[in-house]
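Asker: Just to be clear, the model below is a prediction. Sequence and coordinates:
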Amino acid sequence: MKNPIAALAILIILGIIANTASAKNPPLLSLTMEHFRDTATAKDDKAEGTTTITTEKGYVVRTGPMKMVWNDEYLKAVIDRTTGQKSFQVIAMTIYSGNRRFYQTADYQWVGGPKSVPATQIRTQREACAVGDCVYTELIGFAVDEADLRQIAAGNVPGKPTILTFKITAKPGPDYSGGLSSAEIAGFLAKVDQSMSAVSSAKANTVIGKEGAVSVKESASVTKEKAASASLKLDLGIVGMPVSAAPEQPSRAGILIIGVNSGSVAQKSGVIIGDILYEFDGHPIKELAELEAAVAACAPNSTVGVKLYRGTEKMALSARF
């Protein structure tokens, strides 16, 4: 049985804030890619064979007398651990009173022009209807392309993130307007790539012989990816992911540095998180395998040139092995 006093209190609070709570406020722009990478959660569902990653804990705005979260938005990815397939969504949560809203379409213009995609009402919770207008808690989602997210991550300048806005139309009622930080997108993808590395390792095919002996047979792509990852971590001391050039920076492509090991060659040479490495020892670099091959070709005690973007500026460093 519902508690009418508690329900009335919710309605009073809703009346006080009068839907004036902002979805994001200035502190969001002070949060780094590393913050969102480290606060992102990854949960395995053994029954479904999936891993779900979200940035739900990365940033929220609390307002009103009870310091509640009335509106929030974050990123979600689901990885199929068997096939390695990924799906990406923007998730929005909102609490409102009055008539039920039916969210239908999400509109945004992040990269490559305006886009309009269907919105899905994932979950609806209704309360306090016995004492007046119902109070609704809605969870809404819409799909986004991985390629778009990676272009945004590549354009994220450390210390100067931007807000990518979107709108979800509702009939009837007001639309939902929200935004995501480019640093949140970059940190989210870094967490996804960390999880994908674990998935790739698990994708080794197990073959059981006639005598019951078990051997492990890996696909060529998995072997290549593992070799690149091992070489980068062992010799250069970085964790990175390939990024494509953005329309406004057509040549700004390479390996986005998302981790630098303490005491490594990379750290000693001055490489920092957020750099985009595009040339190593005279070799153009656009893929992890290319960087792996260039690093493997280095002689002991050699010094090689490293070229990278730091923000929008080009830099040249020297790495000594």
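Answerer: Cool, the structure landed. Numbers count the residues shown, from 1 in each chain.

Asker: where in the stretch 151-300 of the chain is pLDDT low?
Answerer: Applying pLDDT under 70 to the stretch 151-300 of the chain picks out residues 199-235, 246-251.

Asker: so where do the helices sit in it?
Answerer: 182-202, 220-231, 265-269, 288-296 (DSSP state H, counting those that start in this stretch).

Asker: The residue nearest the centre of the chain: what's its closest spatial neighbour, skipping adjacent residues?
Answerer: Nearest to the mean C-alpha position of the chain, by C-alpha atoms, centre = their mean, lies residue 188 at 2.0 Å. Spatial nearest neighbour of residue 188, excluding adjacent residues (C-beta to C-beta, 6 or more residues apart in numbering): residue 75 at 4.6 Å. Where C-beta positions appear, they are placed from N, C-alpha and C, glycine not excepted.

Asker: Could you do residue 302 as well?
Answerer: residue 321 is the one closest to residue 302 (C-beta to C-beta, 6+ apart), at 5.6 Å.

Asker: So this structure: which segments form each domain?
Answerer: Following automatic domain parsing, one gets these domains for the chain: 4-198, 219-320.

Asker: Three-state assignment for residue 57, please.
Answerer: State at residue 57, reduced to three classes by DSSP: H, G, I helix; E, B strand; the rest coil: coil.

Asker: Look up the pLDDT of it for me, please.
Answerer: The per-residue pLDDT reported for residue 57 equals 94.

Asker: Same question for residue 114.
Answerer: Confidence score, pLDDT, at residue 114: 92.

Asker: if we can go back for a sec, does the residue nearest to the centre of the chain really touch residue 57, like I thought?
Answerer: No - Residue 188 lies out of contact with residue 57 (C-beta atoms under 8 Å); the separation is 11.7 Å.

Asker: Overlap of the contact sets of these two?
Answerer: Both residue 188 and residue 57 are in contact with residue 40, where contact means C-beta atoms under 8 Å, 6 or more residues apart in numbering.

Asker: follow-up on the earlier one: in terms of helices and strands, where is the residue nearest to residue 188?
Answerer: strand 71-80 (DSSP states H and E).

Asker: Could you list every helix and strand in contact with that strand?
Answerer: Using 3 or more C-beta pairs under 8 Å, 6 or more residues apart in numbering; DSSP states H and E as the contact test, the elements touching strand 71-80 are strand 50-54, strand 86-97, strand 176-181, helix 182-202.
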